[in-house]
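>>> The sequence and its predicted three-dimensional model are supplied below.
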Amino acid sequence: MDGYGEAAAAAMEVEAGDSPCVGASSHVPSNSPSPNPDSNISSRRLGLKNSIQTNFGDDYVFQIASCQEISTLAVSLSTNALKFYSPATGQYLGACNGHEGTIHEISFSAPSSPNVICSCSSDGTVRAWDTRNFKQISLLRGGASQEMFSFSFGGSSGNQLAAGSNSQVLLWDWRSSKRLACLEESHMDDVTQVKFAPSQQNRLISAAVDGLVCVFDTDGAIDEESHLLSVMNAETSVAKVGFFGNMYQKLWCLTHIETISIWDWNDGTRELNIEDARSMATDGWNLDQVDYFVDCHYSMPDDRLWLIGGTTAGTLGYFPVRSDPAGAIGSAEAILEGGHTGVVRTVFPAAGTHQSLGQNRGIFGWTGGEDGRLCCWRSDETAEMNKSWISSSLVLKLQKRTKSRHQPY
């Protein structure tokens, strides 16, 4: 791979683990051995382990997905391509090309094979690719002039595929490619997220630019009149949602204006609404202002949730989310600094790291962003950031491009 030498390969030390194939929304390790959520925990700065330039141009890294079973790291790029790397060495493995629009989501979650990765795009398609030969093996299309913003596998049989489109939620039988339903009355704008509930696979959550979060029953002959179970109103355009809690009964909701709310999606109640999340996170460290939020990550062993915020210069912080409205966002408990030179779009935690943040030895995770870099972070206490390897060809600041994050209006 261009600009990637033996020093990089020698620096990589990913720990093997028996984990399933996952996407960028996987669990993150817990960050405190203390049962007291308000205990004062000092920030841990994580060292940059390695950095790969995905292309020597100005393409963005949109999302990272991984499958430990086949030892493959996948990234989606602003060039509408998927590229694949070895997480153990950083070696470039190949690319999948075919999408004619922005790739909004990628995942190794297809029920058919660990070698299959799926992607959805603004070109109105959901595609499946075989990572052994990088060939397209399946294609599903929405309606005319439809974009695909999100997809999820689930259903009682595990073989349903749901996709979020322009004010529609589409469902297929993945095995036969048969269209099962087109739900077009629940949302009035782009459906940015669809997710099947981990604990109730026949329950589907959809969220949209119209601010609505809907819950559907996907058993039987699906229609909106009888299968729309409840509607929650986030009151502003929804960017991303995710499940958490010991029974995945909670839902976190990030919006396009950088607010966060917490819901019990089973009864539709909002338990927490943080409108000044950025200022609260900024007060939680002594670095630059937090400009945006990338994601949330949850540790089931300790039942803790983190909000991941970033700066325009590329520094990230993990901020704990608490139930107390007065101190709903705590001080940063992990900081990733020195790897990126621009906005970070995606954070992917290393599989199997369920110990305290930054205290397990080995790889903490991967990040990608608008600087075109794919960065690997280590969590060893012995990590020396100043001695971390980075190719001299990667330190040039790339020309800024117009952001293409989903705009609510």
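Noted; the coordinates are in hand.
>>> can you tell me the distance between the two ends of stretch 209-222?
Using CA to CA, to the nearest Å, the end-to-end distance of stretch 209-222 comes to 23 Å.
>>> begin at 206 from here
Done: numbering now begins at 206, and the last item shifts to stretch 414-427.
>>> Pull out the buried residues from it.
414-421, 423, 427 (16 or more other CB atoms under 10 Å). No exception for glycine: its C-beta is placed from N, CA and C like everyone else's.
>>> What of stretch 360-369?
Under the neighbour-count criterion of 16+ other CB under 10 Å, stretch 360-369 has 360, 364-369 buried.
>>> gap between stretch 351-371 and the chain center?
Its chain's C-alpha centre and that of stretch 351-371 lie 16 Å apart, by CA atoms, centre = their mean, to the nearest Å.
>>> can you give me the end-to-end distance of it?
Per CA to CA, stretch 351-371 runs 6 Å from first to last residue.
>>> hang on, the earlier thing: would you format the buried residues of stretch 360-369 as a markdown table with pLDDT included?
A markdown table is the format used below for the buried residues of stretch 360-369 (pLDDT from 0 to 100):
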| residue | pLDDT |
| --- | --- |
| G360 | 95 |
| N364 | 92 |
| Q365 | 96 |
| L366 | 97 |
| A367 | 97 |
| A368 | 98 |
| G369 | 97 |
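>>> Check these and tell me the two furthest apart.
By the measure CB to CB, N364 and G369 form the most distant pair in these, at 18.6 Å.
>>> still on that earlier bit, same list, the buried residues of stretch 360-369, but as JSON lines with distance to S435 please.
Converted to JSON lines, the buried residues of stretch 360-369 look like this (distance: CB to CB, whole Å):
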{"residue": "G360", "distance to S435": "19"}
{"residue": "N364", "distance to S435": "25"}
{"residue": "Q365", "distance to S435": "19"}
{"residue": "L366", "distance to S435": "22"}
{"residue": "A367", "distance to S435": "17"}
{"residue": "A368", "distance to S435": "21"}
{"residue": "G369", "distance to S435": "18"}
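>>> Counting only strands, which of these make the cut?
Of the buried residues of stretch 360-369, the ones assigned to strands by DSSP state E are 365-369.
>>> what's the burial count for A518?
The number of residues packed near A518 is 14, by other CB atoms under 10 Å.
>>> My read is that it contacts T546, right?
Yes: counting by CB atoms under 8 Å, A518 does reach T546; the two are 7.0 Å apart.
>>> so which strand or helix has N491?
Per DSSP states H and E: N491 is located in neither a helix nor a strand.
>>> quick one, helices of the stretch 306-455 of the chain?
Along the stretch 306-455 of the chain, counting by DSSP state H, counting those that start in this stretch, helices occupy 429-432.
>>> can you give me the strands for it?
Using DSSP state E, counting those that start in this stretch, the strands of the stretch 306-455 of the chain run over 308-312, 321-326, 330-335, 340-346, 355-359, 365-369, 374-378, 383-388, 396-401, 408-413, 417-422, 433-438, 443-449, 455-460.
>>> same check, this time on the stretch 506-614 of the chain
Using DSSP E, counting those that start in this stretch, strands in the stretch 506-614 of the chain cover 509-515, 521-526, 539-541, 549-554, 568-574, 578-583.
>>> Pipe the ones you listed into TSV and attach mean pLDDT per row.
As requested, the strands of the stretch 506-614 of the chain are arranged in TSV below (pLDDT from 0 to 100):
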stretch	mean pLDDT
strand 509-515	96
strand 521-526	95
strand 539-541	91
strand 549-554	94
strand 568-574	88
strand 578-583	87
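>>> so can I have JSON lines of those strands showing mean neighbour count and distance to D493?
JSON lines is the format used below for the strands of the stretch 506-614 of the chain (neighbours: other CB atoms under 10 Å; distance: least, CB to CB, whole Å):
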{"stretch": "strand 509-515", "mean neighbour count": "25", "distance to D493": "10"}
{"stretch": "strand 521-526", "mean neighbour count": "24", "distance to D493": "10"}
{"stretch": "strand 539-541", "mean neighbour count": "23", "distance to D493": "11"}
{"stretch": "strand 549-554", "mean neighbour count": "26", "distance to D493": "13"}
{"stretch": "strand 568-574", "mean neighbour count": "26", "distance to D493": "15"}
{"stretch": "strand 578-583", "mean neighbour count": "26", "distance to D493": "18"}
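>>> between those strands, which one is nearest to A533?
strand 521-526 (6.4 Å).
>>> Between strand 549-554 and the closest one, find me the angle.
On the basis of axes from the mean of the first three to the mean of the last three CA atoms, to 10 degrees, strand 521-526 is oriented at 70 degrees to strand 549-554.
>>> could you say what helices and strands strand 521-526 packs with?
If you count contacts as 3 or more CB pairs under 8 Å, 6 or more residues apart in numbering; DSSP states H and E, strand 521-526 packs onto helix 482-487, strand 497-504, strand 509-515, strand 539-541.
>>> what packs against the longest one?
Under the contact criterion of 3+ CB pairs under 8 Å, 6+ apart, strand 497-504 touches strand 443-449, strand 455-460, helix 482-487, strand 509-515, strand 521-526, strand 549-554.
>>> now those as JSON lines including distance to S283?
Putting these into JSON lines (distance: least, CB to CB, whole Å) gives the following:
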{"stretch": "strand 443-449", "distance to S283": "18"}
{"stretch": "strand 455-460", "distance to S283": "21"}
{"stretch": "helix 482-487", "distance to S283": "25"}
{"stretch": "strand 509-515", "distance to S283": "18"}
{"stretch": "strand 521-526", "distance to S283": "20"}
{"stretch": "strand 549-554", "distance to S283": "9"}
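>>> right, and these - which one's nearest C581?
strand 549-554 (9.9 Å).
>>> which residues touch the closest one?
Strand 549-554 is contacted from outside by 229, 231-234, 265-271, 499-500, 502, 513, 515, 519, 521, 569-575, using CB atoms under 8 Å, 6 or more residues apart in numbering.
>>> got it, and stretch 381-389?
The contact list for stretch 381-389 (CB under 8 Å, 6+ apart) reads 343, 345, 348, 365, 372-378, 411, 421, 427-429, 432-433.
>>> From the residues you listed, list just the buried residues.
The neighbour-count test (16+ other CB under 10 Å) marks 343, 345, 365, 372-377, 411, 421, 427, 432-433 as buried among the contacts of stretch 381-389.
>>> Touching, G473 and N438? I think so.
No: using CB under 8 Å, G473 is not in contact with N438; the gap is 9.5 Å.
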